[in-house]
Each structure stands twice: as C-alpha cells, then as structure tokens.
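J.: coords please:
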Amino acid sequence: MKIKVWGIGWMETHRRIVATTSKKIAAGLIGTSFYHFNEYASETGNKEEVELAMSKPGTVFERRDFSKQPWKEVNAEMDK
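T.: Numbering: from 1, shown residues only. Predicted coordinates for the structure are as follows:
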C-alpha cells in the first residue's frame with residue numbers, strides 16, 4: 001500500500017502529522033477517533049510536512065500552528 005502523510009489541527013493551537021498507509025492507522029497514532037480524524041484531517045501536500053513524516057513513517061510530529069519552531073516527536077498515547 002502507498003504511504004500517505006496526514007495532517008490535523010490539534011487542541012486548537014497545534015498541528016500533528018504522520019505518515020501511514022491508512023486514515024484509520026493515522027487516527028490511532030495521532031490519538032483521536034476515526035470519526036474525528038475523517039472529519040478534520042486530510043492528506044497534506046506541504047513539502048516540509050511530507051519530507052519530515054516520510055523520514056519516519058508511523059511517528060507523530062507536532063508543532064504550534066503557523067510557527068517556525070522545530071517539529072517534535074510526540075507520544076499520542078500519553079494524551080489519552
């Protein structure tokens with residue numbers, strides 16, 4: 001299966017991205033329900049996001065919206 005990079009706004013102030021083979025897997029890794037992910041996430045075409053997420057498929061990255069701060073790896077399981 002083809003790996004895609006998915007992105008979603010998180011907690012109204014951050015953005016999370018992850019590279020996976022499906023939306024369902026991405027939702028689980030990011031730490032949200034499939035319904036919420038399906039409604040608010042999308043495949044990203046942002047070059048920076050794609051390069052980062054594809055460098056470590058299955059790893060969730062996060063940073064503040066619209067910032068130039070570095071992306072950080074997050075453990076979405078800690079959010080639950």
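J.: Let me know the helix or strand that the residue most central in space within the chain is in.
T.: Among the residues of the chain, the one closest to the centroid is Ile17, at 2.0 Å (CA atoms, centre = their mean). Element membership for Ile17, per DSSP states H and E: strand 14-20.
J.: do Phe37 as well
T.: Going by DSSP H and E, Phe37 is part of helix 34-40.
J.: mind listing what's buried in that helix?
T.: Residues of helix 34-40 classed as buried: Phe37 (neighbour count, 16 or more other CB atoms under 10 Å). From N, CA and C alone the C-beta is placed, and that goes for glycine too.
J.: same question, stretch 15-28
T.: 15-20, 23, 25-28.
J.: ok, so of those, who is nearest Phe66?
T.: Arg15 (8.6 Å; CB to CB).
J.: Leaving out chain neighbours, which residue sits closest to that closest one?
T.: Spatial nearest neighbour of Arg15, chain neighbours left out: Asp65 (5.5 Å); criterion: CB to CB, 6 or more residues apart in numbering.
J.: cool, Lys4 as well?
T.: Glu43 (5.0 Å).
J.: so that neighbour bridges to which residues?
T.: With DSSP bridges as the criterion, Glu43 is bridged to Trp6.
J.: Run through the residues that contact it.
T.: 4-7 (CB atoms under 8 Å, 6 or more residues apart in numbering).
J.: Perfect, I'm done here.
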